[in-house]
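# Give me a model of this one.
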Amino acid sequence: MEKWISLHIFHHNMRNYDELIVILNQVMTDLENENEVNKWFYIRYWEGGPHVRLRFLTVNEKKTIQTISEKIQAFWKDAEPIESLTKEQYYRDHKFDGQALPFEKLPWYGDRRIQPIPYVPEIERYGGKDVIQNSEAMFHSSSKLVCFILEKLGLDPAKRFIVGLTLTRLLMEQLLEFDDMEDNIQFTSFYKEYWESFVAGNETDELVLLFKANEKSIRKFYSMLKDNPFVTDQLLRMKNELHVVRDTVQDELYIHRIVASHIHMTNNRLGVSPFVEYYISDYLCTFFEEIHKNGVVTIEEASRV
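From the prediction side, this is the model:
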């Protein structure tokens, strides 16, 4: 019987996380093709030290863990060594998902460790126990989508933020299926408010200025991703799974919160922080307001802007 396995891969050199994630994608895709793994997904996380949480469904736990571990160990063997972080260094000034925790209660794992830690689904966040498997299928597609982007584009910080903005817009359009531009404005305003606590005291104009200076690149990435067959396939898979969730939940405001969570976790996989998400939603809200003032009323019209 298949069961979810969760490995926390502690890796203190955050500069080469993309490379590690691309390698994980390659090994997980191979395991999928060999029918050793059904679904899998990952997130980047902070608790216990910087790490990747890799979750997968498998019928052959021991063999699959060994295969994954060997690939990770090979990556670590070739990776440039760095001085490991200490618990004190890492947790200093950390945001803790918006709420600080007592230092003595914070877990800590050393660099280059693979730690099996049980996966606890956030059932209510994603619509309840009857549809959590649909969100897990969406996690799978989101992970494959982001890995495709990481492998094909090679992201520096500026490009990462621009791609995060583009993905946020595409996910809104595909998953929320709004007809009117006013709905986009309301959703991006709600999404912006959600991340305000991560910006408080550290406000900056730099990211909005970056987006405004790169509007040509934003349009280019939007068209490129929107027209890419692999990207559109993964977005369609996510959309189809959400249809099941929507039919079961039958609460559109709840669906909006579920979609917001999927957008956030896709940005997490890309390496875009909540701080940056605040400015992404700020820019998109202003963008939608401006084109609405210029007579763009429907989402279909907006997709051509």
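# quick one: the helices in the stretch 151-300 of the chain?
157-171, 181-194, 206-213, 215-226, 229-249, 252-270, 274-293, 299-302 (DSSP state H, counting those that start in this stretch).
# closest one to residue 47 among those?
helix 252-270 (13.2 Å; C-beta to C-beta). C-beta here means a position set from N, CA and C on the backbone, and glycine is covered the same way.
# What residues of that closest one count as buried?
254-256, 258-270 (16 or more other C-beta atoms under 10 Å).
# again, but for stretch 205-223
207, 210, 211, 214, 218, 221, 222.
# so where is the stretch 51-200 of the chain shaky, pLDDT-wise?
Low-confidence segments of the stretch 51-200 of the chain, defined by pLDDT under 70, are located at 93, 95-100.
# show me where it has strands.
Residue ranges of the strands in the stretch 51-200 of the chain, as given by DSSP state E, counting those that start in this stretch, are 51-58, 113-116.
# From start to finish, how long is stretch 11-24 in a straight line?
13 Å (C-alpha to C-alpha, to the nearest Å).
# shift numbering so it begins at 25
From this message on, residue numbering opens at 25, which makes the last subject stretch 35-48.
# neighbouring contacts of it?
Stretch 35-48 has contacts (C-beta atoms under 8 Å, 6 or more residues apart in numbering) with 33, 66, 68, 73-76, 78, 92, 95-96, 99-100, 103-104, 106, 108-109, 135-136, 170-171, 174-175, 178-179, 293, 295.
# Mind doing that once more with 6 Å?
74, 95, 99, 106, 108, 109, 135, 174, 175 (C-beta atoms under 6 Å, 6 or more residues apart in numbering).
# Show the average pLDDT along it.
Taken as a whole, stretch 35-48 has an average pLDDT of 95.
# For stretch 107-121, buried residues please.
So, applying 16+ other C-beta under 10 Å, buried residues of stretch 107-121: 109, 114, 115.
# Okay, residue 303 and residue 318: tell me how far apart.
23 Å (C-beta to C-beta, to the nearest Å).
# Who has more neighbours out of these two?
The residue with more neighbours, out of residue 303 and residue 318, is residue 303; 24 against 8, by other C-beta atoms under 10 Å.
# so what pLDDT did the most centrally placed residue in the chain get?
The centroid of the chain falls nearest to residue 290 when counting by C-alpha atoms, centre = their mean (2.1 Å). Confidence at residue 290, expressed as pLDDT, is 99.
# Can you give me the domain assignment for the chain?
27-140, 152-326 (automatic domain parsing).
# okay, those domains in a markdown table with distance to residue 146 next?
A markdown table is the format used below for the domains of the chain (distance: least, C-beta to C-beta, whole Å):
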| stretch | distance to residue 146 |
| --- | --- |
| domain 27-140 | 11 |
| domain 152-326 | 8 |
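# now, of those domains, which is deepest in the fold?
domain 152-326 (a mean of 18; mean count of other C-beta atoms under 10 Å).
# So the nearest residue to residue 290 once chain neighbours are set aside versus residue 87, what's the distance?
Leaving aside its sequence neighbours, residue 290 sits nearest to residue 166 (C-beta to C-beta, 6 or more residues apart in numbering; 4.7 Å). According to C-beta to C-beta, residue 166 and residue 87 sit 26 Å apart.
# Contacts for stretch 181-201, please.
Contacts of stretch 181-201 (C-beta under 6 Å, 6+ apart): 238, 241-242, 245-246, 249, 259, 263, 266, 283, 287, 290-291, 294-296, 300, 304, 323.
# wait, doesn't the residue nearest to the centre of the chain sit right on residue 168?
No: Residue 290 sits out of contact with residue 168 when judged by C-beta atoms under 6 Å, with a separation of 11.1 Å.
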